[in-house]
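Engineer: Using only what follows, build the 3D model:
(2 chains)
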Amino acid sequence: MDNKLLDINQIKLKQPLTSQQEVFQQIASIAVAQGIASDHNEVVEGLIKREQESTTGFQDGFAIPHAQVDAIKRPAIVIVSSKEGVEWNALDGKPASFFIALLVPKQEAGTTHIQTLASISRMLIYEEKREALTDAEDANNVMEEFAGALV
Amino acid sequence: MANIKIVAATGCPTGIAHTFMAEEALKKAAKKLGVEIKVETHGQVGVENELSKKDIAEADGVIMAADKDVYAYRFHGKPTVEVSVAKGIHEAEKLIQTIIDGKATVYKAKKSSSSDEDESASNNSGNTMIHSIYKHLMNGVSHMLPFVVGGGVLIALSFLFGIHSADPEHESYNPIAATLMDVGGLGFQMMVPILAAFIAESIAKRPGMVVGFIGGLIASNGGAGFLGGIVAGFLGGFVIVLLGKLLEKMPKSLNGLKSIFLYPLIGILLVGVIMTLLVEPMTAINEGMMSFLSNFQNANPILLGVIVGAMSAFDMGGPVNKAAYVTGTALLGEGNYYFMAGVSAACITPPLITAFATVFFKKYFNQAERNSGGVNFILGSTHITEGAIPFAAKNPIVVIPILMIGSSISAILTYMMGIEVPAPHGGFLVLPVVTGAIQWVVAILIGSLVGAFIYGFYKKRAFLKAEKEKGGEKDGQQIA
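Structural biologist: Predicted coordinates for the structure are as follows:
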């Protein structure tokens, strides 16, 4: 089984997305297309459910939606950015445009993946990282930024 | 104000992202403000970077940035800032500044209402100590239980082929029965080692488990029984904690060596030697206790029934219950089938009390209670005392004595009628091998019904009282 959490095909930048629903649909489509998840709707529902508990919006346009459902077959990161800001109830009140989705299978036995996902979250605390991601021109730039955390 | 030390605990319901973002934000802010910080994370993988008692005691302040319980009672008496995990991420600097400025309020654990500050503080530390001992013990018991149930029921099934069917020398020998007996017996023998292993695991994680397991095996093989298992568990845990302290100064690069080589090697050696020395006196105590209990059997069946009933219902599957239970199983090994009959009866009764009460006093229970009451018919009939816990937990001071009365009645009647139960578990599943099966069921039913009526009337009184206090106002939830 492929051990990679992030692949260049799991990154889609500057998409024409305008609502939270569209963002979730996009994430789920990528997940299904890349063989990360088996069921589109279940992933969307998982993301919505988590969002209802409390917002995953961070700051400066970043959000980290996540889901842990049966349909997800392997842990993975899906990255989507939108051309325009999407309302996300973020803590700083700003709309979000850069979405780093963390997808985790229901039965995740190994803790290493979780720790990697956690280290992605940790990265976002640093302003320079956030700026670098916002400025990324294409998926390759994004891959480079995450390279450090994905060893 | 040099060298300010802060401890923090972060946690969120999913435990994948925010817990760790808050951790990082707090560390970053602490670095900027020049204070020392240790952050404990309650994430998906469990608690990491756990705060020790010493950490908390030495800290100048506590930050709780969590949307779930992070065992807040530990921080009683410390200047504490309690916020959501989101605030921990976004206002980390502000939170730390609050503690530096000494503006944090002193945290009070919710339960202590005593006005005497000193007394409540000392009480509280006593409580947490007892609580943590209980927590370690129950970690062992809960891991042990599946072995007991699985093994015990298999053994019980083998008896269905005839009481001596597993004995190749006996004329009723049956190879299937012998296999059931062997396999079940293996599970059952693991009882004490697993108990010890997971008491130690609760104290000192995986290295503790290894050492506790060995200690438990020594106790089990030496005949020190349940008591020996408990001692081995705590001993194993504390030996590893102690080793951790002694090896603290070793360079970090040797951490791998420590956990894979030094802890098991030194730990097993120490525990092995100590347990070998201890096992003899403990076996004597264990046997003394057993003969003490079994002596009552002939001398005074009523008193024995009261003791066994009270022990079995006292904590419903906890250590006191298991002490009675293990004595029963040990005596089975010696061919004493009387003792176990009373223990089984007393263990079956508490869930049945709650089950009957929800049937006869339906309207005084809510829907959730009625549902679990129904399930308790099954749990009770299969000797799973734990089924009564949710009911007892709501009002232990009243409910536990009621359960103890019911269990005692069942046990007394069982002893008076001289019923024999040769199987260590299984509840009513093993009825075909019980000598005096009908009387046994009657004894249990009498105890259960008496308990159910006392419990029911108590519920009724509590219900009417609540009704009265509310005046004419109807409480939809309780009636529904």
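
Engineer: What segments of chain A are helices?
Structural biologist: For chain A, the helices defined by DSSP state H occupy A:20-33, A:40-53, A:111-123, A:127-135, A:139-147.

Engineer: tell me the angle the second one makes with helix A:20-33.
Structural biologist: Put plainly, it is helix A:40-53. Counting by axes from the mean of the first three to the mean of the last three Cα atoms, to 10 degrees, helix A:40-53 lies at 140 degrees to helix A:20-33.

Engineer: In helix A:40-53, which of the residues would be classed as buried?
Structural biologist: Using 16 or more other Cβ atoms under 10 Å in any protein chain shown as the test for burial, helix A:40-53 gives A:H40, A:E42, A:V43, A:V44, A:E45, A:G46, A:L47, A:R50, A:E51. Where you see a C-beta, it was placed from the backbone N, CA and C, and this is true even at glycine.

Engineer: State the mean pLDDT of that helix.
Structural biologist: Across helix A:40-53, pLDDT averages out at 89.

Engineer: do the same with the last one
Structural biologist: Per-residue pLDDT values over helix A:139-147 give a mean of 83.

Engineer: and it, how far out from the chain's middle?
Structural biologist: Centroid displacement of helix A:139-147 relative to its chain, using Cα atoms, centre = their mean, to the nearest Å, is 14 Å.

Engineer: in that helix, what counts as buried?
Structural biologist: A:A139, A:V142, A:M143, A:E145, A:F146.

Engineer: Tell me if that helix is near chain B.
Structural biologist: No: using Cβ under 8 Å from any Cβ of the partner chain, helix A:139-147 never reaches chain B; the gap is at least 14.7 Å.

Engineer: how about B:D55, what does it touch?
Structural biologist: B:V7, B:K38 (Cβ atoms under 8 Å, 6 or more residues apart in numbering or on different chains).

Engineer: Quick check: which element contains B:S344?
Structural biologist: Following DSSP states H and E, one finds B:S344 within helix B:337-360.

Engineer: before we move on, back to that, any chance of the helices of chain A in a markdown table, with distance to B:L247 too?
Structural biologist: Converted to a markdown table, the helices of chain A look like this (distance: least, Cβ to Cβ, whole Å):
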| stretch | distance to B:L247 |
| --- | --- |
| helix A:20-33 | 45 |
| helix A:40-53 | 41 |
| helix A:111-123 | 24 |
| helix A:127-135 | 37 |
| helix A:139-147 | 36 |
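
Engineer: And these: which comes nearest B:M250?
Structural biologist: helix A:111-123 (24.1 Å; Cβ to Cβ).

Engineer: just checking, what packs against the closest one?
Structural biologist: strand A:96-105, helix B:18-33 (3 or more Cβ pairs under 8 Å, 6 or more residues apart in numbering or on different chains; DSSP states H and E).

Engineer: between these, which gets nearest to B:F159?
Structural biologist: strand A:96-105 (43.1 Å).

Engineer: Could you give the average pLDDT over that closest one?
Structural biologist: Averaging the model's pLDDT scores along strand A:96-105 yields 90.

Engineer: pLDDT weak spots in chain A?
Structural biologist: Scanning chain A for pLDDT under 70 picks out A:1-3, A:108-113, A:148-151.

Engineer: Might you enumerate the residues of it proximal to chain B?
Structural biologist: Those residues of chain A that sit near chain B, judged by Cβ under 8 Å from any Cβ, are A:50, A:53-54, A:56, A:58-59, A:64, A:66, A:68, A:91-92, A:102, A:104, A:108, A:111, A:114-115, A:117-122, A:124-126.

Engineer: Separate out the buried members of the residues you listed.
Structural biologist: By neighbour count, with 16+ other Cβ under 10 Å, the residues of chain A next to chain B hold A:50, A:54, A:56, A:58-59, A:64, A:66, A:68, A:91, A:102, A:104, A:108, A:114, A:117-122, A:124-125 as buried.

Engineer: on that earlier part again, please state the offset of the helix holding B:S344 from the chain centre?
Structural biologist: Distance, centroid of helix B:337-360 to centroid of chain: 20 Å (Cα atoms, centre = their mean).

Engineer: elements contacting it?
Structural biologist: helix B:263-299, helix B:301-314, helix B:319-333, helix B:367-381, helix B:396-416, helix B:437-469.

Engineer: The third one vs helix B:337-360, what angle?
Structural biologist: Yep, that's helix B:319-333 we're talking about. Put simply, helix B:319-333 runs at 140 degrees to helix B:337-360, going by the same axes, to 10 degrees.

Engineer: same check, this time on the fourth one
Structural biologist: Our comparison of helix B:367-381 with helix B:337-360, counting by the same axes, to 10 degrees, yields an angle of 160 degrees.

Engineer: CA atoms only for helix B:367-381 - export them in CSV, please.
Structural biologist: Listed next in CSV are the C-alpha coordinates belonging to helix B:367-381 (Å, rounded to 0.1, in the frame of the first residue of the first chain):
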residue,chain,number,x,y,z
GLN,B,367,-36.6,5.3,28.9
ALA,B,368,-32.8,4.8,28.9
GLU,B,369,-33.0,3.0,32.3
ARG,B,370,-35.8,0.8,31.1
ASN,B,371,-33.7,-0.2,28.0
SER,B,372,-30.7,-1.1,30.1
GLY,B,373,-32.9,-2.8,32.5
GLY,B,374,-34.0,-5.2,29.8
VAL,B,375,-30.4,-5.9,28.8
ASN,B,376,-29.7,-6.6,32.4
PHE,B,377,-31.9,-9.7,32.3
ILE,B,378,-29.3,-11.1,29.8
LEU,B,379,-26.2,-9.8,31.7
GLY,B,380,-27.5,-11.1,35.0
SER,B,381,-28.3,-14.5,33.6
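
Engineer: Which elements pack onto the following helix or strand past that helix?
Structural biologist: Per DSSP H and E, the first helix or strand lying C-terminal to helix B:367-381 is helix B:389-394. Contact partners of helix B:389-394 among helices and strands, from 3+ Cβ pairs under 8 Å, 6+ apart: helix B:367-381, helix B:396-416.

Engineer: what's next to helix B:389-394, contact-wise?
Structural biologist: B:M316, B:G317, B:P350, B:T354, B:E369, B:S372, B:V399, B:I400, B:L403.

Engineer: Could you give me the buried positions within that helix?
Structural biologist: By 16+ other Cβ under 10 Å, the buried positions in helix B:389-394 come out as B:I389, B:F391, B:A392.

Engineer: since we're on the residue in the stretch 351-480 of chain B that chain A sits nearest to, how many residues are nearby?
Structural biologist: Proximity of the stretch 351-480 of chain B to chain A (Cβ to the nearest Cβ) peaks at B:A368, 23.1 Å away. B:A368 is flanked by 9 other residues according to other Cβ atoms under 10 Å in any protein chain shown.

Engineer: residue closest to the middle of chain A?
Structural biologist: Centroid-nearest residue in chain A, with Cα atoms, centre = their mean: A:A101, separated by 1.6 Å.

Engineer: my guess is that residue contacts A:I72, does it?
Structural biologist: No: the criterion here is Cβ atoms under 8 Å, and A:A101 misses it with A:I72 at 10.6 Å.

Engineer: Overlap in contacts, these two.
Structural biologist: A:A31.

Engineer: which residues touch B:I409?
Structural biologist: The contact partners of B:I409, by Cβ under 8 Å, 6+ apart, come to B:G305, B:G309, B:T349, B:I446, B:G447, B:V450, B:G451.

Engineer: Averaging pLDDT over each of the helices and strands packed on helix B:337-360, report the lowest-scoring one.
Structural biologist: Looking at these, the weakest mean confidence is helix B:319-333, a mean of 78.

Engineer: Can you give me the buried ones in that helix?
Structural biologist: Neighbour-count burial for helix B:319-333 [16+ other Cβ under 10 Å]: B:319, B:321-332.

Engineer: Which two among the residues you listed are spaced furthest apart?
Structural biologist: Within the buried residues of helix B:319-333, B:P319 and B:L332 form the most distant pair, 19.9 Å apart (Cβ to Cβ).

Engineer: Many thanks, have a good one.
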